[in-house]
Every structure is written in structure tokens, then in C-alpha cells.
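1. predicted model and sequence below, questions to follow.
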Amino acid sequence: MTTFPAPAKLNLFLHVVGRRPDGYHLLQTVFRFVDYGDSLSFTVRDDGVIRRVNPLPGLDPEQDLTVRAARLLQQETGCRLGADIFLEKRLPMGGGLGGGSSDAATVLLALNRLWDLNLSRQMLQELGLRLGADVPVFVFGESSFAEGVGEKLQPVVLPPAWYVVLVPSVAVSTVEIFTSRELTRDTKPIKMSDFSTGCGRNDLEPVVCRKYPQVAECLEWLKAFGDARMTGSGACVFAAFSSQEEANKVFSVKPAQMAGFVAKGLDRHPLYDFIS
Ligand SMILES: C[C@](O)(CO)[C@H](O)COP(=O)(O)OP(=O)(O)OC[C@H]1O[C@@H](n2ccc(N)nc2=O)[C@H](O)[C@@H]1O
Ligand SMILES: Nc1ncnc2c1ncn2[C@@H]1O[C@H](COP(=O)(O)OP(=O)(O)OP(=O)(O)O)[C@@H](O)[C@H]1O
């Protein structure tokens, strides 16, 4: 059995700049990976069966993004091999940390290698986009300025940072927030060259805070220590610090009922070198 990481992402800012005719939203965002996430283990099978060894409670294994990613790879390549997939879940579902998307990307990257398929990064990104808007960036593997629905990616260089991430005890549905009437969809697009750390905001944040007071409460607490933001469609919120000590210090004084973690910002996905 071989084990592979599936890191979380943070959206350092997230602007909704428009809407496509199919209802998907046009975004501008910066993605950063952190050294905290799920991990996946695979045993290759020669009978073609894809099996989730430890299904997530309440989620039909056929709907699990790991299984859907593996089947998509089989369909596209005609590969006759299968896999047992074991998922160690640490990332909260509906947390805005991209857990399901990262799991799917790790399946694409890992099985591309374990099944000896040699698909290019570009090809895997395209397959990823069919599974979800957040999947391509995990395959792309670098901190990115993203546009489109999140699939048009350009690498960015970010300063070292340690993040305090708070995990409110609610799962936020991404669809619910994007289809909400109060969401503003007309933020003026910025140029990538205008981006600097700390710029912008998360346009989904006011909508989520109104619907989920626990998110507002975590944000308010963290704002006393830094520029706190929500990631993705929530529920998690984060603030950046320039040293691990500072981040740990803030984390150590949080109220006991607030869950969370401290994580280091990464420049690259840990599986970046899987594709040449
Ligand atoms: C909010 C973010 O986390 C920011 O990184 C992502 O845009 C969400 O990406 P994701 O979870 O992979 O989302 P998907 O599974 O592709 O889409 C879930 C639902 O969210 C809405 N959605 C998602 C992405 C997007 N750019 N516009 C949307 O309107 C759509 O209603 C879609 O049916
Ligand atoms: N392997 C998986 N892990 C987590 N969720 C999964 C998985 N497969 C399918 N899902 C579905 O995807 C939904 C969103 O889960 P996810 O953990 O990706 O949320 P998220 O962090 O809010 O995502 P994003 O930031 O991409 O919006 C879950 O509620 C669940 O129904």
C-alpha cells in the first residue's frame, strides 16, 4: 500500500466578477496550499474494480470524488487496472478548504503513476475540471492566481506564512452560497500584477456570515489578531502570521470550543514532482 498527501487550500482573497450563462461564477482568487490535509492510500488491483475501503459516513461511495476521479481516469485511458482506496479524512467537509477536490486530484496524480498512464499535467487538469472547479489547481501544483471558474491558472510567488485556521462547527453548501440572492457578482476585475498579500476580500463572506453566525463569531475573534478572512465558500476562516511562534501563540489563546489548526503555507503541492 502506498500513501499520498492531499493538502488543504486557502483562498487568500476571492472576488466574484461575473456569472456565466450556465450559472457558474467567474472568479478571481489566489490559491495557497498548506501543510495540513487528508491522506490517501492505494492498493492496485488487477481486476479493474475501484473500491472505497472506508466510505465516508453519509456519502454514497459512488458519489465520493475519489471514486469518481479513479473511474474517470479508467474511462479516458481504457486502463484495466483498479484500486482499493483508503482515505484518512482530516479536512472538514463543506469547510472551504477544498478537501474533496484535493482528494480527487491526489487520486488523479497517484493513479496516473501507479497505473503507469503517463498523462500530462494539462490532461489531468482537464479531467480534474470535469470533477469540480477546485480540482485543477491541485493538479497544477503551484500557488496560483486563478480566473475563469478557477481553472485559468498562473503561478504566483508568496511570502512565507503560517496560518491560524478556525473550523466552525457547520458545513456550508457551496451551491447554496453561489445561488444566494444577496451575493454580489460585480467586483471589478483586478490585474494579476495588482495583487499583493492582504489585498482584496472574500465576496462570499458576508453571505455566509449572515446565514451561519458561528462563522461570523470565529471571524470576529480572529480579527483581533490579524487580517482574518473566510476561505472559499466557508465555513473555515484564517489569518496569516509571519512566524510559526506568532501563529501558535494566537492559537493557544483561542476559546476551547473553537476548533482549528496551525499550518504552514506551501509554495508547491507535495506531489508536484510526480509529473515531469
Ligand atoms: C468557492 C471555491 O472553493 C473557491 O476556490 C470554488 O469555486 C468551489 O469549487 P468546487 O467546490 O470544486 O465547486 P464545484 O463542485 O465545481 O461546484 C459546486 C457548485 O458551486 C457553484 N459554483 C462553483 C464554482 C464556481 N466558480 N461558480 C459556481 O457557481 C455551482 O453552483 C456548482 O454547482
Ligand atoms: N472525498 C470527499 N471528501 C469530501 N467531500 C466529498 C468527497 N467526495 C465527495 N464529497 C462531497 O463534496 C462536498 C464538499 O466537500 P469538500 O470537503 O470538498 O468541501 P469544501 O472544502 O467546502 O470544498 P470547496 O472549497 O471546494 O468548496 C461534501 O459535502 C460531499 O458531499
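-> Yep, that arrived. Ligands and ions are numbered 1, 2, ... in the order given.
2. ranges for the strands of this structure?
-> Counting by DSSP state E, residue ranges of the strands within the chain are 2-19, 25-45, 50-52, 82-88, 144-147, 152-155, 162-167, 229-230, 237-241, 259-266.
3. so for ligand 1, which of the ones you listed sits nearest?
-> Ligand 1 lies closest to strand 25-45 among the strands of the chain, at 3.5 Å (CB to the nearest ligand atom). For glycine as for every other residue, the C-beta is placed from the backbone atoms N, C-alpha and C.
4. what about the closest one, average pLDDT?
-> Per-residue pLDDT over strand 25-45 has a mean of 98.
5. which secondary structure elements does it sit against?
-> Counting contacts by 3 or more CB pairs under 8 Å, 6 or more residues apart in numbering; DSSP states H and E, strand 25-45 packs against strand 2-19, strand 82-88, helix 99-114, strand 144-147, strand 162-167, strand 259-266.
6. name the helices or strands packed onto the longest one?
-> It refers to strand 2-19. Counting contacts by 3+ CB pairs under 8 Å, 6+ apart, strand 2-19 is packed against strand 25-45, helix 99-114, helix 135-140, strand 162-167, strand 229-230, strand 259-266.
7. for these, which one sits closest to A8?
-> strand 25-45 (4.9 Å; CB to CB).
8. near ligand 1 at all, the closest one?
-> Yes - using CB under 6 Å from any ligand atom, we find that strand 25-45 touches ligand 1 at H25, L27, T29.
9. report the contact partners of the first one.
-> Read it as H25. Neighbouring residues of H25 by CB atoms under 8 Å, 6 or more residues apart in numbering: V16, G18, R19, V149, F178, R185.
10. now the second one
-> With contacts defined as CB under 8 Å, 6+ apart, L27 is in contact with L14, H15, V16, V17, A146, E147, G148, V149, G150.
11. how close does it get to S143?
-> Distance from L27 to S143, counting by CB to CB, to the nearest Å: 16 Å.
12. may I see the buried residues of stretch 192-211?
-> F195, G200, N202, D203, L204, E205, V207, V208, C209, K211 (16 or more other CB atoms under 10 Å).
13. in stretch 120-133, what counts as buried?
-> In terms of neighbour count (16+ other CB under 10 Å), stretch 120-133 has its buried residues at R121, M123, L124, Q125, L127, G128, L129, L131, G132, A133.
14. pLDDT at the last one, what is it?
-> We note a pLDDT of 95 for A133 in this prediction.
15. interface residues of the stretch 101-250 of the chain facing ligand 2?
-> With the criterion set to CB under 6 Å from any ligand atom, the stretch 101-250 of the chain comes near ligand 2 through S101, D103, D134, T174, G232, S233.
16. need the residues you listed in JSON lines (columns: neighbour count and distance to ligand 1).
-> JSON lines is the format used below for those (neighbours: other CB atoms under 10 Å; distance: CB to the nearest ligand atom, whole Å):
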{"residue": "S101", "neighbour count": "26", "distance to ligand 1": "5"}
{"residue": "D103", "neighbour count": "25", "distance to ligand 1": "11"}
{"residue": "D134", "neighbour count": "29", "distance to ligand 1": "3"}
{"residue": "T174", "neighbour count": "16", "distance to ligand 1": "4"}
{"residue": "G232", "neighbour count": "26", "distance to ligand 1": "3"}
{"residue": "S233", "neighbour count": "23", "distance to ligand 1": "4"}
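17. what's the closest of these to I190?
-> G232 (18.7 Å).
18. distance check, the residue nearest to that closest one when sequence neighbours are not counted against N202.
-> Counting by CB to CB, 6 or more residues apart in numbering, G232 lies nearest to G96, which is 3.1 Å off, once chain neighbours are set aside. Spatial separation of G96 from N202 under the definition CB to CB is 9 Å.
19. got any residues that touch both of these two?
-> The overlap between the contact sets of G96 and N202 (CB under 8 Å, 6+ apart) consists of N11, M230, T231.
20. can I assume the second one is in contact with C236?
-> Yes - M230 lies in contact with C236 (CB atoms under 8 Å); the separation is 7.1 Å.
21. enumerate every residue touching the most far-flung residue of the chain relative to its centre.
-> The outermost residue of the chain, judged against the average C-alpha position, is D47 (31.7 Å), by CA atoms, centre = their mean. Residues in contact with D47, defined by CB under 8 Å, 6+ apart, are G82.
22. and for D186?
-> Listed by CB under 8 Å, 6+ apart, the contact set of D186 reads V16, V17, G18.
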